[in-house]
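> Here is a sequence with its predicted model. Questions after.
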Amino acid sequence: MKFELKRVDVWSATKISFFLNGFLGLIFGLFYALILAMVGSIIEPISGGEIESLGALTGAFGIFFAIILAIFSAVTGGITVAILAWIYNIFARWIGGIEMDLAGGKIEPLSSVEREEGLSRYE
């Protein structure tokens, strides 16, 4: 069966992108926080004790950085996807959308008795 993707709902694509980018930004931010804490704890003994609690300070900065990175990723990713979905809708109207070939078996409609009883063939 051939289908054509003629339109992308901008708001739904933006919502999904916002949350996915925020989650990934938080994961990467926590990774960077861990690296900063390790670097701070390595530099502290090398400095000869001149800089006290550098490991804790870099760890706290890393957590702050993780939150900022998650917010920044969510906002920029959401805006980018919103713009791209809007542009796709314009071009799909002019030149046509993406054509897809989907494979699968034929789905038979439910009978009126099955519909009334709320049955499904896929449970």
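Sure thing, it's come through.

> For the rest of this, base every contact and every neighbour count on C-alpha atoms.
OK.

> Give the next helix or strand downstream of whichever strand or helix holds Phe64.
Phe64 is part of helix 54-95, with elements assigned from DSSP states H and E. Where DSSP H and E defines the elements, the next helix or strand beyond helix 54-95 is strand 98-101.

> Please export the alpha-carbon coordinates of that next one; PDB is fine.
What follows is strand 98-101, C-alpha atoms only, in PDB (Å, rounded to 0.1, in the frame of the first residue of the first chain):
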ATOM      1  CA  ILE A  98       6.900  11.900   1.300                       C
ATOM      2  CA  GLU A  99       5.600   8.700  -0.300                       C
ATOM      3  CA  MET A 100       5.800   5.600   1.800                       C
ATOM      4  CA  ASP A 101       5.200   1.900   1.000                       C
END
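
> tell me how far that strand is from the chain's mean position?
24 Å (CA atoms, centre = their mean, to the nearest Å).

> before we move on, the earlier item: which other helices and strands contact the helix holding Phe64?
Counting contacts by 3 or more CA pairs under 8 Å, 6 or more residues apart in numbering; DSSP states H and E, helix 54-95 packs against helix 10-46.
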